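Student: Sequence first, then the predicted structure, then my questions.
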Amino acid sequence: MQPPRRQRLYVYELPADASLELVGDRAHYLRNVLRVKAGQTIIVFDARGSEALADVVRLTRHGALLQISRRLEPRAESPLEVHLIQAVAKSDAMDLIVQKATELGIARIRPVITEHSVVRLDAERAGRRLEHWQRIARSACEQSGRHYLPTIDLPCPLAEALADNVDSAPRFLLDPDADRSLAQRLAGTHLGVCLLLVGPEGGFSRQDLASAHRAGFEGSSLGPRILRVETAAITACALAQGQWGDLR
């Protein structure tokens, strides 16, 4: 019988010495969400790939003291760097996209506002949503065993994201009316980096499609069915990782 998996906890910075003191949200998460007790051994990791076994020495209402016992060799990230440019969807759908894209090893998530976007965010709401998505990504890393957090950007207009040149990387636009599928396009080239552009619940406007095509995005379908936005994003990420990433 295999021993139970150790709990994993994201920390903002893994120190060079052997002790780690937690306060605030990380101590609260350790105590009230993971329900770890003093004397247990857990895994701690940060956003830069450092990971270690740590013994919980002390746990109180105000904080926790951990003793790092052994540094661990982190798993490699996917050889394919996927940038997901995702039109901001409604709360539950967007949360699911961020969670599953993180689990699938996506390197960057860039939320954008399109002409048909249902969700509109002012600067204050955009900042709150970004913090919320970052918490979801941290939790997804803890659950999935991933060591590096994806970069998640503040929401921006689609035009701003289209103007960002990522080393002339191949770029694909999800379009149910496209004459070639995403699987066919992925198979036709060797990728180290790729951009995936996924629209909102109502799809892209003609203007958005024209702008994306001018920016070099190739229309790509996901088969004969019309998928919900969250299903489409997750499927596209999985197809890319399955063709050139670490799901092969």
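Tutor: Received, thanks. Numbering: from 1, shown residues only.
Student: list the contacts for residue 46?
Tutor: 10, 11, 12, 13, 14 (Cβ atoms under 8 Å, 6 or more residues apart in numbering). For every residue, glycine as well, the C-beta is placed using N, CA and C.
Student: so how far is the longest helix along the chain off the chain centroid?
Tutor: If each helix of the chain is counted by residues according to DSSP state H, the longest one is helix 123-144. With Cα atoms, centre = their mean, to the nearest Å as the basis, helix 123-144 stands 9 Å off its chain's centre.
Student: How about stretch 204-223?
Tutor: Counting by Cα atoms, centre = their mean, stretch 204-223 is centred 23 Å from the centre of its parent chain.
Student: Relative to residue 200, how far out is the most centrally placed residue in the chain?
Tutor: The chain has residue 102 as the residue nearest its centroid, 3.0 Å off, counting by Cα atoms, centre = their mean. For residue 102, the distance to residue 200 (Cβ to Cβ, to the nearest Å) stands at 20 Å.
Student: And residue 176, by the same measure?
Tutor: Remark: distance between residue 176 and residue 200 (Cβ to Cβ) = 14 Å.
Student: the more surrounded of those two?
Tutor: Neighbours were counted for residue 176 and for residue 200 using other Cβ atoms under 10 Å; residue 200 has more, 24 against 16.
Student: Report the secondary structure element holding that one.
Tutor: In the assignment (DSSP states H and E), residue 200 maps to no helix and no strand.
Student: count of neighbours near the spatially closest residue to it that is not a sequence neighbour?
Tutor: Nearest residue to residue 200 in three dimensions, chain neighbours excluded: residue 87, at 3.9 Å (Cβ to Cβ, 6 or more residues apart in numbering). By other Cβ under 10 Å, the residues close to residue 87 number 28.
Student: of all the contacts of residue 46, which comes closest to residue 63?
Tutor: Closest approach to residue 63 among the contacts of residue 46 (Cβ to Cβ): residue 11, at 12.7 Å.
Student: That closest one is in contact with residue 22, isn't it?
Tutor: Yes - between residue 11 and residue 22 there is a contact under Cβ atoms under 8 Å: 7.0 Å.
Student: who's more crowded, the two?
Tutor: More neighbours surround residue 22 than the other of residue 11 and residue 22, with 22 against 19 (other Cβ under 10 Å).
Student: before we move on, back to that, among the contacts of residue 46, the buried ones, what's the PyMOL command?
Tutor: Buried residues within the contacts of residue 46, by 16 or more other Cβ atoms under 10 Å, are selected in PyMOL with:
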select buried, resi 10+11+14
